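> Whatever this is, show me its structure:
(one chain, ligands or ions: 1)
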Amino acid sequence: MIELRDVTHQYGSRVVLSRLDLRLSERRIGVVGANGSGKSTFARLLNGLVVPTEGQVLVDGFDTRTAGREVRRRVGFVFTDPDAQVVMPTVGEDVAFGLRRSGLPREEIARRVEEALRAYGLAEYADHPAHLLSGGQTQLLALAGVLVTEPATLVCDEPTTLLDLRNARMVTQLLAKLRQQVILVTHHLQLLTGFDRVLVLHEGRLVADTDPASAVAAYEELLA
Ligand SMILES: Nc1ncnc2c1ncn2[C@@H]1O[C@H](COP(=O)(O)OP(=O)(O)OP(=O)(O)O)[C@@H](O)[C@H]1O
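Sure thing, here's the model as predicted:
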C-alpha cells in the first residue's frame, strides 16, 4: 500500500508536482498526462528514486526518505529505456544481480533465475551477452530482473514506448497477467482498458482520479 501525504516536488525553484494526497491500493493504476506534466517524477517518488521536497511517500508505512531499502524491496521499477536497467554482461547474470543482496542460498538464486528466464521467454539466452538482445527482449529482461525479486508493486514508466507493436503487445500481455500491483505510466491509452483507477496529471496537479474511460475523456479535453 503506497500513500502520498501532501506531496510537492520541485526541481530547483520549479514546482513539478503539487500537493498530492493519495492512497494507492488498487491492483491496476494508470497515470496519464501530457509531456512534462510530472508523470515520471510521480513514478520515481513511489520507490524512492526521487524523494519529495515536501510531504511524505509511505510504502506499507515505510517513508521513502528514510527507509529506501525497505521501500525498494516492495516496489520494483521498470524504466522506459531498458538499457538503463541492464547492468551485467550476460542475461542470466543480469537477472541474478537483483537477488545479490537477498541472502538466499546460491542454489535458490540459480533456481529463481532459471524460472524467471523461462517465464519471460529468455531461457535459451542465459549465457547470451545482454547488450545483444533486441529492444523487446531487453525490456523483458529488465522486467525479469525486477520481478525475480518479488516486489508487491511494479511501477512502470512507459515500458512500451521504445518497442515495436509485437514487442509492445508481448510486454503488455505480460503485465496484464502479473499478480502484483501494477502502476503504469503511459501515453498508450488503450493499455489502460480494464484498469481499476487512472490518474490524470496536468502541470503537476492531479486533475482527474477516476475510471479509465472518464480519465481518457478528461485527458482528451485537456488537450483539446
Ligand atoms: N532531474 C531533473 N531536473 C530538473 N528538471 C527536471 C528533472 N526531471 C524532470 N524535470 C522537469 O520536470 C518536469 C516534469 O518532468 P517529468 O519527466 O516528471 O514529466 P513527464 O510527464 O514524465 O514527461 P514526459 O511525458 O515527457 O516523459 C519537466 O518540466 C521536466 O523538464
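> which residues in the chain form helices?
39-45, 68-74, 91-97, 106-119, 135-147, 165-177, 212-223 (DSSP state H).
> so which of those helices gets nearest residue 129?
Relative to residue 129, the nearest member of the helices of the chain by CB to CB is helix 91-97, separated by 7.9 Å. C-betas here are computed from N, CA, C, even on glycine.
> looking at it, residue 64 is touching residue 74, isn't it?
No: applying CB atoms under 8 Å as the test, residue 64 and residue 74 come out as separate, 10.5 Å apart.
> So for the two, which sits in the more crowded spot?
Using other CB atoms under 10 Å, the more surrounded residue of residue 64 and residue 74 is residue 64, with 25 against 19.
> Which residues are in contact with the more buried one?
45, 46, 47, 48, 51, 52, 56, 57, 58, 71 (CB atoms under 8 Å, 6 or more residues apart in numbering).
> most neighbours, which of these?
residue 57 (27 neighbours).
> ok, for that residue, nearest residue in space, not its chain neighbours?
residue 64 (4.5 Å; CB to CB, 6 or more residues apart in numbering).
> per-residue pLDDT, that neighbour?
We have a pLDDT of 98 for residue 64.
> likewise residue 99?
pLDDT, residue 99: 89.
> helices and strands of this structure: which one bottoms out on pLDDT?
None of the helices or strands of the chain scores lower by mean pLDDT, DSSP states H and E than helix 165-177, at a mean of 87.
> relative to helix 135-147, how tilted is it?
Compare the direction of helix 165-177 with that of helix 135-147 by axes from the mean of the first three to the mean of the last three CA atoms, to 10 degrees and you get 20 degrees.
> picking that back up, would you mind saying which of the helices of the chain lies nearest residue 192?
Closest among the helices of the chain, using CB to CB: helix 212-223, at 4.4 Å.
> Quick one: residues contacting the closest residue to residue 63 other than its chain neighbours.
Nearest non-adjacent residue to residue 63, counting by CB to CB, 6+ apart: residue 56, 5.7 Å away. The neighbours of residue 56, taking CB under 8 Å, 6+ apart as the test, are 3, 4, 5, 6, 7, 63, 64, 65.
> Buried ones from these, can you make that a PyMOL selection?
In PyMOL, this line selects whichever of the contacts of residue 56 come out buried by 16 or more other CB atoms under 10 Å:
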select buried, resi 3+4+7+63+64
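> which of the contacts of residue 56 lies closest to the ligand?
Using CB to the nearest ligand atom, residue 7 comes nearest to the ligand of the contacts of residue 56, at 13.0 Å.
> ok, the residue lying closest to that closest one once chain neighbours are set aside - how many residues close by?
Counting by CB to CB, 6+ apart, residue 7 lies nearest to residue 55, which is 3.8 Å off, once chain neighbours are set aside. Neighbour count for residue 55, taken as other CB under 10 Å: 18.
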